[in-house]
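1. Got a predicted structure plus its sequence, pasted below:
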Amino acid sequence: MSLSNLIKNWSTLRVKRPYEDQYKDKDYKWAMVIDLDACTGCNACTTACYAENNLPVVGKEAFSKGQAMHWIRIERYWGEGDELPKFPDRGAQFLPMLCQQCESAPCEVVCPVGATHHTPDGLNSQVYNRCIGSRYCSANCPYKVRYFNWWQYPERAWPNPLEQQLNPDVTVRSKGVMEKCTFCVQRLVEAKNRARTEGRRVEDGEVTTACAQACPTSAITFGNLADSKSQVAKMWERQQVDLAKDKQEKSDENMRGYRIFEDLRTYPSIVYMERIRDLQA
Amino acid sequence: MIQATDEKDIEIERRFVPKAKDINDEIAWAQINKDVLRSMERPRLMYWVIFLASLALFGFGVYCEIYQYQNGMGAADLNNPQVWGWYIATFIFWIGMSHSGTLLSAILHIMHADWRKPIYRFAEAMTTFSLMTAGLFVLVHLGRVWEFYYVVAYPNERWAWPNFNSPLVWDATAIGTYLTSSIVFLYFGMIPDLAICRDNAKGVRKKFYWLLSLGWQGTDRQWANFRVAYLTVACFLIPLAVSVHSIVATDFAVSQQPGWHITSFPPYFVAGALYSGCAAIITLFIVLRYVFRFEEYMTMPILDKTCRLTFAIAMVWTYLNLVEYASVWYGDDPVAKQTLLFRATGDYATYWWAMNFLGSVVPFALAFKSLRNNIPVMLVVSLLLNLGMWLERFMIVTPTFAHGYYPWTWTDHWMPNWVQYGIVAGSFGWFSMLFMLFCKIFPTVSMYEVKEMVYHRFVARKARA
C-alpha cells in the first residue's frame, strides 16, 4: 500500500466482510466442524498441535499463572448451578477451543500495525515479524484464543537436543509477539502449491490440520467450504449454518450445529455440533 | 486594554472588581520579578527531599523495566485474559492528568478568567510531563518495544502502513500531536518571562536563557504578535485536548468487550481527565506554594476558585459515571450487566466501592468553605481524589479482563507483581522529577501575566490619587 494508493482510495482500508456468497467463485475458504458428541476430551489434538506448530511447553509455574501456549485447548464444563451432579458422579463436557478464524474478526480491526489480517482463503493470519506486542487483539478477542509469548521460550522450551524435533516449516516465535491457531497454514500452503503446479484445486481430504488428523474419534472435520462437494461444506449445509449470517434460520429446532458468540457478529469459521449424549455419561 | 482615565471609568471598574482579590494589588512589578527569580535560586529543603525521592523511585522503575525488557512481559505477571494489567490503567491516568493544564491555560485564557494567571504555567508543565509519562507506558507495555515505530504513520520504502482502523494508531497520532502542541504552547507563553530571566542571569545560564528567549525585547510589535500567536495556539489546543482523551476512550469503546463497549465513554473519559487533572493541580499548588514560598502569588482565593472548579467537574464526572452504569444496566447485553455486577460484588468490589466513594463523595469536602481554606485538608483530599481516579481506570481495565464474554477465562483475584508496582511507582518518580527540574530551571509563575493582574488596579489607584 503506497501513499498514493492510500490517498486515492480509502475504501481499500474498509473491512467488507462477510457478505452473501463471498466465497462462491473463490477456490478456497477453510472451515471446520467440531462434533462435541464425539469429543472424548483425550487431548490428542492439543498434543498434535504442540508437535506440529512448535508450541513451547511452558512448565507448571507459567501454566498455573495462565501463560500457557496451547493453540487448541480442551475446556471442561459441568454446567451451571449447584444442583447439577459434579465429578465424580458426572463426567465433564468437553469443548475444544481454538481460534475461530472469524470472517469479521475483532482482532483484525484493532491491531495497530496490521500484523493480523484476513487472507483471501478466509484465514485470520498472524504476521510475527510485524507484531509489536500491543496485545490489543487478545484484549478484543471474545474467545481469548490468542496467546502471547510472555517469555523467551526458544531458550528454555527445547533444551538440546530437543530443538531437533522442531517442525522446520513453522517459525519459532520470539518473546513479545502474539500467536494463535493458524489452521496449520504451512500444510495448506504446501497443498495449494502442489495443486497449483498440477493445475487443479486442492481436493477434499488432501490436506487437514494436525488436530483433525490426530483426533481418534474424528470429532474434528476440516476442509474447504468453497468446494460444495467437500465434507465440511456438506456438514455446514446440512446443519443449515450460513457463513454470512449472525442468526441462523433452521427448519428443525433439533439441529445441532451452532457457532459460538454468533450474536457478537464475528462470523466464525468453526461450527460446533451440540452434545446430545446422556448427561450422566 | 482598559485605560482608566477618568473618575467614571474607575467607578465602573470598581463595581465589577470581585470582592476577594486574587492577589495583593499593592505588590510592585520589581517585587514580582524578584520573588519568581528567587524560586529558581534557593528553594526550601523540601525541594531536595522531593527531588531525591522521585529520583530514587524513578531509578527503581528503570530497574524494573530493564528486568522486564530482558525477560519478556511474563516478568510482569500478565497472563492470557489479563493482558494489559496496570500499565494501561496507569497510561489512561497520566493521559487524563494532562488535560487540566490545557483547561487552565487555554480555555480559561479565552474566557478571560484572570485568576488562572499565577498558576497556569505549572499546570501547563504538568500537562507536558504527564503526557510524556503516558507515552512511556505505551512503550513499557509493548511486547517488542524496539519495534514501536511500526505504529507511527510515516512514508516508508516498505510500503507498510499502520492499520488506520485501529484506535491505537489514532492514539499514537493524537498523543504525538498533543504533546508537540503542549510543548509549543508552554514554550510560547514563557518567552517574555525567559527574557526577564536572561536579563537577570549570569554566566552559562544567561547564555541558556538568551538562546531560549529568541531575542525578546518587549517592543509593542513583539507583544502584538505574541498575543495573536498565543491565542492561536490556545484555540488550536482546546479541540486537541478534547480529542486526545476521547480517542483514548475509543480504545475501549471501539472494542467489543463487556463493560467497554459503551457510547458514553469519550465524554466520561474527558470529564474524568479534567477531574484528576484539577485534583493534581491542587496538590501541586500546595506543594509549590510551600516549596518555593509562593504565598503571595498562589493565594487562598485562587485555591478556593480551583477547588470550586474541581467540585463542579467532580459532579459532571459523577453524573457521567452514573450514566455509564445506567446504560449498562438498562442495556441489552446481559454479559455487560454481569460484568457490572462483578465489579460491584466480585473480587474487585473493595476497589469499586472505594472508587465510587473517593470519586463521588469525597469531593463534597470541596463544597465547604472552611475545608477549602484548610491547606492540609486540601492536600489530603486532592490526593484522595486522584487515588479514586486511578482506581476508576483500574476498574475499567482489569474486571473486564477478569470477567469477559468467555467463561473459561474468568479469573479471580488477579493482581500485579513487583515489576508492575515498580514501573507504576517509577512513573510517579519520573513525573515528579521532571516537574521539579522544570520548576528549578523555568519561572513557574507567569511574571508578565501576574503583572497584568496588578496593572489595572495600579493605574486605577494612580488615577484616583
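-> Sure thing, it's come through.

2. residues touching the residue of the stretch 51-200 of chain B found nearest chain A, list them.
-> Closest residue of the stretch 51-200 of chain B to chain A, Cβ to the nearest Cβ: residue B:143 (1.9 Å). Where you see a C-beta, it was placed from the backbone N, CA and C, and this is true even at glycine. Neighbouring residues of residue B:143 by Cβ atoms under 8 Å, 6 or more residues apart in numbering or on different chains: A:131-135, A:148-149, A:175-178, B:72-73.

3. now residue A:264
-> Residue A:264 neighbours (Cβ under 8 Å, 6+ apart): A:106, A:142, B:256, B:405.

4. change it to 7 Å
-> A:142, B:256 (Cβ atoms under 7 Å, 6 or more residues apart in numbering or on different chains).

5. What distance do you get for it to residue A:142?
-> 6 Å (Cβ to Cβ, to the nearest Å).

6. Can you list the low-confidence ranges for the chain?
-> Just going to use chain A. Residue ranges of chain A with pLDDT under 70: A:1-7, A:9-16, A:79-86, A:278-281.

7. That was the other one, I meant chain B.
-> B:1-20, B:456-465.

8. Look up how far residue A:255 lies from residue A:229.
-> Residue A:229 is 22 Å from residue A:255, by Cβ to Cβ.

9. More neighbours: these two, which one.
-> Set residue A:229 next to residue A:255 and count neighbours by other Cβ atoms under 10 Å in any protein chain shown: residue A:255 wins out with 15 against 10.

10. now the nearest residue to that one once chain neighbours are set aside: how far from chain B?
-> Of all residues not flanking residue A:255 in the chain, residue A:239 sits nearest, at 5.7 Å (Cβ to Cβ, 6 or more residues apart in numbering or on different chains). Residue A:239 sits 23 Å away from chain B, going by Cβ to the nearest Cβ, to the nearest Å.

11. Near chain A, which residues of the stretch 351-465 of chain B are found?
-> Residues of the stretch 351-465 of chain B lying near chain A by Cβ under 7 Å from any Cβ of the partner chain: B:404, B:405, B:406, B:408, B:409, B:411.

12. Mind picking the two most distant members of these?
-> B:405 and B:411 (13.6 Å; Cβ to Cβ).

13. neighbour count winner among these two?
-> Neighbours per residue, other Cβ under 10 Å: of residue B:405 and residue B:411, the larger number sits with residue B:405, 22 against 16.

14. Any idea how far the helix or strand containing residue B:135 is from the middle of the chain?
-> Assigned by DSSP states H and E, residue B:135 belongs to helix B:120-141. The chain centroid and the centroid of helix B:120-141 are separated by 7 Å, computed with Cα atoms, centre = their mean, to the nearest Å.

15. How about residues contacting that helix?
-> Contacts to helix B:120-141, defined as Cβ under 7 Å, 6+ apart, come from residues B:65, B:84, B:87-88, B:90-91, B:94-95, B:97-98, B:100-102, B:104-105, B:145, B:148, B:175, B:178-179, B:182-183, B:185-186, B:189, B:280-281, B:284, B:288, B:423, B:427, B:430-431, B:434-435, B:438, B:444-446.
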